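J.: sequence first, predicted model second:
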Amino acid sequence: MPLHAFDAALSDPTARPDLSGLRRGVVELLFFGAKEARACLFAVVIFASMVIVPREGVLGLPRYDALLVVAVLAQWAMLATGLETRDELKAITLFHVVGFALEAFKVSPAIGSWSYPDPAWTKVLGVPLFSGFMYAAVGSYIIQAWRLLDVRIRHHPPYWLATLVAVLIYANFFTHHFIGDYRWYIAAAALGVYARTTVSFRPLDRERRMPMLLAFVLIGFFIWLAENFSTLMGVWAYPDQLGAWSTVHVGKWSSWSLLVVMTFTIVAHLKHIKDRIHVPD
């Protein structure tokens with residue numbers, strides 16, 4: 001079945017009055033899981049390539065360079081097949097820019113938060129260029145999930161306020177090395193800003209709702225799991241993982257959840273997504 005036909009079948013809003021009770025709950029959960037998995041298509045390609053491409057590379061091409069080729073082809077395919085629009089690609093490109101700037105800062109000798117141990121032709125300032133696609137994968141997931149789950153946002157904060165929180169989140173990733181970590185203060189601010197915000201979504205034929213803050217935390221958790229997988233595969237390493245792999249500190253979960261807030265703010269500025277966001281007067 002072509003992917004567009006599969007998406008149409010998944011997103012069919014036809015009422016299902018035959019479903020009730022536990023049976024409805026199970027079916028909705030299955031559809032929700034299928035839509036979430038489908039929304040992760042780009043991320044799945046990226047992480048699957050980490051498993052398939054051996055550490056020594058392919059046909060003389062270093063591992064990071066081979067991963068970059070896979071990522072570029074996957075991004076081209078998403079655009080060529082209409083799974084992503086040109087406007088969405090612009091937002092995803094912005095994720096590359098902010099992601100690369102953060103990576104270059106974090107891997108610099110003066111900071112050394114993590115490192116990419118393998119050689120590559122496409123390393124710039126110690127950062128393999130494929131790494132930007134990992135940030136783009138988060139944005140791609142949000143964009144795809146928005147469409148498949150027919151997402152709508154209620155009581156979104158004013159855009160200027162949401163943007164201010166996103167800028168503070170991003171800035172803190174840099175400044176906490178010099179003036180202290182204000183992550184929890186910023187998280188408290190985000191808690192207040194998004195306290196009334198709810199996300200509605202349609203797993204099957206009925207609308208369901210959840211607090212927007214819960215969505216941020218859940219997505220952050222799954223990114224933390226993906227980070228554990230990536231470091232296990234040796235794609236990058238934290239200083240305490242150089243001798244032997246260990247679980248990424250659970251505190252990174254909060255960092256990823258805040259990064260999701262920032263990512264969502266960028267996506268929320270897309271015109272066709274703004275149409276489904278309610279900002280109170």
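T.: The structure has been received and is ready for your questions.
J.: tell me which element residue 96 is part of?
T.: helix 86-107 (DSSP states H and E).
J.: pull out the buried positions in that helix.
T.: Buried residues in helix 86-107, counted by 16 or more other Cβ atoms under 10 Å: 88-89, 91-92, 94-96, 98-103, 105-107. Quick note: C-beta positions are derived from backbone N, CA and C, even for glycine.
J.: same for that helix, what does it pack against?
T.: helix 63-80, strand 127-128, helix 132-148, helix 159-179, helix 252-267 (3 or more Cβ pairs under 8 Å, 6 or more residues apart in numbering; DSSP states H and E).
J.: what packs against the last one?
T.: If I follow you right, that is helix 252-267. helix 86-107, helix 132-148, helix 159-179, helix 183-193, helix 212-232.
J.: mind saving the C-alpha coords of the third one as CSV?
T.: To tie it back to what came earlier, the one meant is helix 159-179. Coordinates of the C-alpha atoms in helix 159-179 are reproduced here as CSV (Å, rounded to 0.1, in the frame of the first residue of the first chain):
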residue,chain,number,x,y,z
TYR,A,159,3.3,33.9,20.4
TRP,A,160,5.6,36.6,21.7
LEU,A,161,5.6,35.0,25.1
ALA,A,162,6.0,31.4,23.8
THR,A,163,8.9,32.7,21.7
LEU,A,164,10.6,34.4,24.7
VAL,A,165,10.4,31.1,26.7
ALA,A,166,11.9,29.2,23.7
VAL,A,167,14.8,31.7,23.4
LEU,A,168,15.5,31.5,27.1
ILE,A,169,15.6,27.7,26.9
TYR,A,170,18.0,27.8,24.0
ALA,A,171,20.2,30.4,25.6
ASN,A,172,20.4,28.5,28.9
PHE,A,173,22.1,25.5,27.0
PHE,A,174,25.0,27.9,26.4
THR,A,175,25.0,30.2,29.4
HIS,A,176,24.7,27.6,32.2
HIS,A,177,28.4,26.9,31.7
PHE,A,178,29.2,30.5,32.7
ILE,A,179,26.5,32.0,34.9
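J.: what's in contact with it?
T.: Applying Cβ atoms under 8 Å, 6 or more residues apart in numbering, the contact partners of helix 159-179 are 98, 102, 105-106, 111, 156, 181-183, 186, 189-190, 193, 255, 258-259, 261-262, 265-266, 268-269, 279.
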